[in-house]
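>>> What follows is a predicted structure for the sequence shown.
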Amino acid sequence: MAMSFACTTKNLSIYSCAEKCERKVFMKKRLITIWLAAMLIFSLACSAADGPDPNSLPALEGIETMNTDIPHNDSEIGVLFEDKWEDGLKLQLTEDGTLHLSGADIKRSLKEDTRLAPYLSKITGLEIGEGIAYVGEKAFSGFENIEKLRFSGEITELAYAAFSDCTALLDIDFGSSLSTIGDYAFSGCTNLRDASLPESLKELGSYAFSGCTSLKNVALGSGITSFGNNIFADCTNLVSLRSGSSLGDTAFRDCISLESVFLEDSAEKIGSRCFSGCVKLSNVRLSENLKTIGSYAFSGCEKLQNIVIPTSVMQIEKEAFSACTALDTVEFAECEALTIGDAAFASCTALKTIALPEGLTTLGEKVFASCNALERVTMPKSLSEIGYGLFYDTPALRVLEYRGNSSAWRKVEKAKDWDEFAGTNTIKYVKSGN
């Protein structure tokens, strides 16, 4: 019990012994509480510095948490349809519109699966997965809603018309194992914009991409050894081509928007009529290992102004550059053995001068016929044969220069009337030597 004594200057409070002990215990508890709180704050600060583990934080009552997991396999996306064929082919259509296939080669059209039929309009993507090496004839022909196609397994062959007339198809990932694309495989895929074919590709069938009218850019690998005909025929919006492989006959016939062709040095042949009718083609780079330029290969390329023929070229076939009406510059590197076929440069009406290379042995018939602006031609000492009408209908021709002497010139085998209708005046032969 506390007793108070009144004094003139202050009040004095006196506590009993029990009360003093009770106060000490209270203060001690308070200090312990403060110390524990400080330790807790320090511990939380250290944990925050190391970064919180979101999985270890407790969920707060009354607050809905968000699931940030991203699906990483098909099982996490809703499945609309599943099936398994007797041969082991597995089909799974997920809610994102992708039809996943795996397990066995696709040997027949998927339209034959009556259970899949109600879902055909929902299929916007295809993934050809593990266990599939072969896609059979017309397997997906006419699947009009497919926009994306991906080969994620070890695919090696696409058969005849496998994806023909997939008119919505925009994007193709060919993977890295595909070796054969059959005839008409992607013919009529009118919405396809780009085709970058893999280095693994060995065979490219006829009409494989014909009629792909939206196709703008094509890149071909260097491994193609078998090249069909009309592969990109009538791809009327195709603008550029880059190829490391030889090109087959009529491969780009009538690609009326094609402007640029770059042939890498692994390409050895340009087939017959390969670029005929490509009326906008203006930029051509030929392979340094090119051996043959086929007949009519660039015939009718009205915008082509210049061409450089590499040393490696051994044969320029019939009418290879005929009717290239803007062609005014033809440059030849010195070659080992070159034959220029009939009418190879006929009707090149802008051509004024041409110097034929050392190594040239044969000039066919009417090689420069109707080159009505041609004024001067230089021929090499290596020349051994000249065909009929070499300069037929070349009224402007005035100078024919031969790099050998007169004795060598007499030994050149010349067809009768080889110089018929060559200029309106007598041609002056300028020979180096006697």
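Received, thanks. Numbers count the residues shown, from 1 in each chain.

>>> can you map out the strands along the stretch 1-150 of the chain?
Remark: strands assigned in the stretch 1-150 of the chain by DSSP state E, counting those that start in this stretch are 3-6, 11-14, 79-84, 90-94, 98-102, 125-128, 134-135, 148-151.

>>> Just put those strands in a markdown table and tack on distance to Ser226 and mean neighbour count.
The way it works is simple: take the backbone N, C-alpha and C, and place the C-beta from them, glycine included. Putting the strands of the stretch 1-150 of the chain into a markdown table (distance: least, CB to CB, whole Å; neighbours: other CB atoms under 10 Å) gives the following:
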| stretch | distance to Ser226 | mean neighbour count |
| --- | --- | --- |
| strand 3-6 | 118 | 8 |
| strand 11-14 | 112 | 9 |
| strand 79-84 | 35 | 14 |
| strand 90-94 | 32 | 20 |
| strand 98-102 | 27 | 21 |
| strand 125-128 | 22 | 22 |
| strand 134-135 | 17 | 20 |
| strand 148-151 | 20 | 19 |
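
>>> mean pLDDT lowest for which of those strands?
Mean pLDDT per stretch puts strand 11-14 lowest among these, at a mean of 37.

>>> Might one say that Ala117 is in contact with Ile123?
No: using CB atoms under 8 Å, Ala117 is not in contact with Ile123, being 11.0 Å away.

>>> So for these two, which sits in the more crowded spot?
Legend: neighbour count by other CB atoms under 10 Å for Ala117 and Ile123, higher for Ile123 (21 against 11).

>>> What separation do you get for that one and His100?
Relative to His100, Ile123 is positioned 11 Å away (CB to CB, to the nearest Å).

>>> Pull up the overlap in contacts between these two.
Contact criterion CB atoms under 8 Å, 6 or more residues apart in numbering; residues shared by Ile123 and His100: Leu93.

>>> I figured Leu356 was touching Thr378, is that so?
Yes: when contacts are counted by CB under 8 Å, Leu356 is listed as touching Thr378 (6.4 Å).

>>> Can you give me every residue that contacts Glu328?
Careful, residue 328 is Asp and not Glu. Applying CB under 8 Å, 6+ apart, we find Asp328 in contact with 305-306, 350-352.

>>> Now with 7 Å, please.
Applying CB atoms under 7 Å, 6 or more residues apart in numbering, one finds that Asp328 lies in contact with 305, 350-352.

>>> ok, of those, which come out buried?
Leu351 (16 or more other CB atoms under 10 Å).

>>> If we ignore the residues flanking it in sequence, what's nearest the residue most central in space within the chain?
Using CA atoms, centre = their mean, the residue of the chain that lies closest to the mean C-alpha position is Ser196, 2.2 Å off. Spatial nearest neighbour of Ser196, chain neighbours left out: Ala219 (4.4 Å); criterion: CB to CB, 6 or more residues apart in numbering.

>>> I'd like to know how far the one you found sits from Ile270.
According to CB to CB, Ala219 and Ile270 sit 17 Å apart.

>>> Name the residue in these two with the higher neighbour count.
Comparing Ala219 with Ile270 by other CB under 10 Å, the one with more neighbours is Ile270, at 30 against 15.
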